[in-house]
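Trainee: The following comprises the amino acid sequence and a computationally predicted model.
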Amino acid sequence: KQRPIEDIKLFQKVTVTPAEQKKKDDILTEIMSQSLPDIEAAIREAEAKDKSFFDQGIDRLNMRNTTAFGPHMITKQRAIDIGAFGQRFGRLTKSAAEMLNISAQNIDQQLSSQISFLNPFCPFLFNRPDCSQAATSRYRTIDGTCNNLNKTLWGQSFTPFERMLPAVYDNVDQPRERSTSGVLLPLARKISSQFHQSSLLSNLMPDLSHMAMEFGQFLSHDIQRNALSTGYLGSTIDCCSFGLQRGDPCFPMEIPTDDPYYSQFGRTCMNFVRAISTPKLDCTLGQRQQLNQNTHYIDGSQIYGSDAQTSYSLREFVGGKLQTGGDPNIQNMLPKDPFNRNNCNLPNNDPNVQCFRAGDDRVNQQPALISLHTIFMREHNRIAAGLAALNSNWSDQMLYDEARKIVGAMLQHITYNEYLPEILGQAAMNAYGLKSLSKGYFNGYDNTLNAAIKNEFSAAAFRFGHSMIHDSLKYNNGAQTLKDVFLNPATVYDTAGGIDSITKGLTDSYSQKVDERLSDQLTKHLFERQPGFGDDLAATNIQRGRDHGIPSYQQMKDACNVKGLVHDQTVWTALSALYQNASDIDLFSAGVSETPVAGGKIGPTFACIIGKQFEALKKGDRYFYENAGSQAFTLTQLDEIRQTTLAKVICRNTGIANIPSRALVKNGTPMLKCSDVSDVAFNKWL
Ligand code: HEM
Ligand SMILES: [Ca+2]
């Protein structure tokens, strides 16, 4: 099957002449046209298998009454379409690598040529955006295109996650399941049950409120949403109904027979479906990559949607407003989702209690998330009304655009001014240039910097927030255990409490410390609908890292130039005891358990990954709120945006009377009386 030795040698050369490049391209084209018929046949065969799983009722369109299938498993059609090309790229890459004897770690360098044969399989070449208006437009596009005027697709929704380091897969594109020495890595569930044991009450974060957890999730849902593989007709794949044997895209998590919790239910398998594989943005052959369905920028896409169709479906088209819904007792709620596209776990058949729609489909995951979504939707509508009152000649579109621009800027300001300093500490804020200015424009826009979300950030580092989640949400004078409110919007509709009570509860209670411990609600009861059949988020994070070929902790630590032991000695001993070789330890587990940096809440390796990501999200975003230019706010408008705090946004959009003035902080912050909070000075937008 291998090509002649001179072809193999040619691909090993570091620099080639134009004639040699042409020869390489011809060889690749020949290899690909020879292998394509077999590849198409293999894909058809896989599709037929998927259909049979569907026909047997194993994979289903609506998993509502089954256990443990969260909203993150629903994948948009556009992502499914890109995934179909990704499969072809993956298989073509594999056959070229085999025939040219190219090892996995050299695939990206040695197969990176642009081959016209691949153009019909390159989704990023279709419908290239027209960016002719973009240089002078005051407003971002909905899908993030044309932000960078040279690289018009950078940061767009439905484009790949980028990487800090090359991926580390087994056998070219299979999940990283083996140590470099060949032994199997410990089972993800075993690491979870042994190392990420339940967080105790004594493990509270001394100074951050539970709102700091929730704002982190809300921010996360702005910038990233992985696309998971689906079955026939986009159905949800159940990798456990078929034993552990189904094969790609199934990568189910084996539960050890002596599992401290699940064994009593006789459970041996937990569902896990691999992420869709996507072609790279430049559509050269290369390592397997994963797809972000959301705009990578901090632009409020969780509120507005990441594609035109979703954004239209959320608009009122009157007065620049977003749609609202709700029953007569509770006004100004998110619009309902009568078709329950997100497979909510609705407790009764009350037609008034339904799940919600928002720009990100995970909105219904739990009530604290619904609450922040609702508050920012209301803020948009309030701003649109405020602008309309002073500018009677503005069209619906203009009001929508300007209100969206303001809300996006507020989100950025809260992120860089309130959230990141708490998480990263001052040293990292300075090192990565993340501090917001108190006056004037920021001059650091860099059009060579890609803001795109890094895979190491998404699949591991930014999941540190999972360790901050408390067992319950404070509500009225009691609390609601998470497993009772996953995918259940009932509390939001409660006229006795609802959004206000959930929100107040978040600022009134503590986050958990960022450490190796995760709540039982997440490791034993995530999306549980039947005792013993919930999911495990810590295990899922580890398995997801392996699915994506995320490098080991040691590799990331080295890349971040972090030296020495940065763990508590007992913690490190417990973790490394689970692995044969400490250099194989998974990034999520070791990263989340690092000793926090001074003044921050996470350790040095995660601070490096997260600091670099937010640096790119700032300096690589032409629409960053502090930038000068034709898209800019005026300086007086910018000063007005700088008055924003999360506490004020909450005050303006709820009936809450008093709230800590720094809503993410638990102690030592003065209370803000909501009746004292002044509105946005809309006269700066005349
Ligand atoms: C109750 C709160 C939360 C729940 C139930 C939850 C649950 C989940 C689930 C089920 C996934 C998908 C896992 C996978 O299949 O790979 C996920 C992904 C993720 N979570 Fe959370 N999460 C919560 C809060 C947070 C917080 C507070 C943060 C960060 C501050 C966070 C950051 C992330 C990130 C970065 C991902 C990957 C997103 C992607 O690219 O798709 N989550 N979470
Ligand atoms: Ca976004």
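Mentor: That came in fine, so what should we check first? Given the structure is predicted, the values throughout are model-derived calculations rather than measurements. Residues are numbered from 1 along each chain as shown. Ligands and ions are numbered 1, 2, ... in the order given.

Trainee: Please make it C-alpha for all contacts and neighbour counts, starting now.
Mentor: Noted.

Trainee: Enumerate the residues of the stretch 401-550 of the chain near ligand 1.
Mentor: Contact residues (CA under 6 Å from any ligand atom) of the stretch 401-550 of the chain with ligand 1: 458, 459, 462, 463, 464, 465, 466, 540, 541, 544.

Trainee: typed the wrong thing, it's the chain
Mentor: Within the chain, the residues that sit near ligand 1 (CA under 6 Å from any ligand atom) are 72, 213-214, 216-217, 220, 224-226, 458-459, 462-466, 540-541, 544.

Trainee: hmm, which two among the residues of the stretch 401-550 of the chain next to ligand 1 are most spread apart?
Mentor: Maximum pairwise distance in these, criterion CA to CA, is 15.8 Å, between 465 and 544.

Trainee: Okay, now the unreliable bits of the stretch 201-350 of the chain?
Mentor: Confidence mapping of the stretch 201-350 of the chain against pLDDT under 70 gives the ranges 201-202, 242-244, 328, 347-349.

Trainee: who in it is up against ligand 2?
Mentor: Neighbours of ligand 2 within the stretch 201-350 of the chain, by CA under 5 Å from the ion: 222, 223, 295, 296, 297, 298, 299, 301.

Trainee: Among the residues you listed, name the ones in helices.
Mentor: Using DSSP state H, the subset of those located in helices is 222, 223, 301.

Trainee: now stretch 554-565, how far from the chain's geometric center?
Mentor: The chain centre lies 24 Å from the centre of stretch 554-565; the measure is CA atoms, centre = their mean, to the nearest Å.

Trainee: Residues contacting that stretch, please?
Mentor: Contacts to stretch 554-565, defined as CA atoms under 8 Å, 6 or more residues apart in numbering, come from residues 165, 583, 584, 585, 587, 604, 605, 608, 609.

Trainee: Could you do stretch 387-404 as well?
Mentor: For stretch 387-404, contacts defined as CA under 8 Å, 6+ apart pick out 139, 300, 317-321, 380-381, 383-384, 682-683, 685-686.

Trainee: what's the next secondary structure element after the lowest-mean-pLDDT helix or strand in the chain?
Mentor: In the chain, no helix or strand scores lower on mean pLDDT, DSSP states H and E than strand 241-244, which sits at a mean of 68. Going down the chain from strand 241-244, the next helix or strand is strand 253-254, by DSSP states H and E.

Trainee: what lines up beside that following strand in the sheet?
Mentor: Applying DSSP bridges, strand 253-254 is found paired with strand 269-270 (antiparallel).

Trainee: what are the ranges of the strands in the protein?
Mentor: Using DSSP state E, the strands of the chain run over residues 159-160, 204-209, 241-244, 253-254, 269-270, 291-292, 472-475, 478-481, 510-512, 658-660, 671-673.

Trainee: hmm, back to that, could I get the residues of the stretch 201-350 of the chain next to ligand 2 as JSON lines with neighbour count?
Mentor: Output for these, formatted as JSON lines (neighbours: other CA atoms under 10 Å):
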{"residue": "222", "neighbour count": "25"}
{"residue": "223", "neighbour count": "25"}
{"residue": "295", "neighbour count": "31"}
{"residue": "296", "neighbour count": "32"}
{"residue": "297", "neighbour count": "31"}
{"residue": "298", "neighbour count": "27"}
{"residue": "299", "neighbour count": "32"}
{"residue": "301", "neighbour count": "28"}
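
Trainee: who are the neighbours in contact with the residue nearest to the spatial centre of the chain?
Mentor: Most central in the chain under CA atoms, centre = their mean is residue 224, positioned 2.9 Å from the mean C-alpha point. Going by CA under 8 Å, 6+ apart, residue 224 touches 292, 293, 294, 295, 296, 453, 458.

Trainee: likewise residue 317?
Mentor: For residue 317, the contact set (CA under 8 Å, 6+ apart) comprises 396, 397.

Trainee: Now do the lengthiest helix in the chain, average pLDDT.
Mentor: The single longest helix within the chain, with elements called by DSSP H, is helix 18-55. Helix 18-55 carries an average pLDDT of 95.

Trainee: burial of the closest residue to residue 115 other than its chain neighbours, as a residue count?
Mentor: Computed as CA to CA, 6 or more residues apart in numbering, the closest residue to residue 115 that is not its neighbour in sequence is residue 25, at 6.3 Å. Around residue 25 there are 18 other residues, counting by other CA atoms under 10 Å.

Trainee: wait, doesn't residue 25 sit right on residue 113?
Mentor: Yes: in this structure, residue 25 is within contact of residue 113 by CA atoms under 8 Å, at 7.1 Å.

Trainee: and the closest residue to residue 222 other than its chain neighbours, how many neighbours?
Mentor: Distance criterion CA to CA, 6+ apart; nearest residue to residue 222, sequence neighbours excluded, is residue 302 at 4.8 Å. Counted with other CA under 10 Å, residues neighbouring residue 302 total 26.

Trainee: for residue 302, what are its contacts?
Mentor: Contacts of residue 302 (CA under 8 Å, 6+ apart): 218, 221, 222, 358, 359, 360, 373.

Trainee: any idea which of those has the most stuff around it?
Mentor: That'd be residue 358 among the contacts of residue 302, by other CA under 10 Å, with 27 neighbours.

Trainee: Go through the contacts of stretch 387-404 and name the one nearest ligand 1.
Mentor: Closest approach to ligand 1 among the contacts of stretch 387-404 (CA to the nearest ligand atom): residue 300, at 15.7 Å.

Trainee: With ligand 1 as the reference, measure out to the nearest residue to that closest one once chain neighbours are set aside.
Mentor: Take residue 300 and drop its neighbours on the chain: the residue closest to it by CA to CA, 6+ apart is residue 408, 5.1 Å away. To ligand 1, residue 408 is 18 Å away according to CA to the nearest ligand atom, to the nearest Å.

Trainee: could you list every residue that touches residue 408?
Mentor: Listed by CA under 8 Å, 6+ apart, the contact partners of residue 408 are 298, 299, 300.

Trainee: State the distance from it to residue 303.
Mentor: 9 Å (CA to CA, to the nearest Å).

Trainee: Give me the neighbour count for residue 310.
Mentor: Around residue 310 there are 16 residues (other CA under 10 Å).

Trainee: pretty sure it is touching residue 361, no?
Mentor: No: judged on CA under 8 Å, residue 310 makes no contact with residue 361 at a distance of 10.1 Å.

Trainee: Look at the residue in the stretch 1-150 of the chain that ligand 1 sits nearest to and say how many residues are nearby.
Mentor: In the stretch 1-150 of the chain, the residue found nearest to ligand 1 is residue 72; the distance is 5.8 Å by CA to the nearest ligand atom. Residues within reach of residue 72, counting by other CA under 10 Å, total 14.

Trainee: Before I go, just wanted to say thanks for your time.
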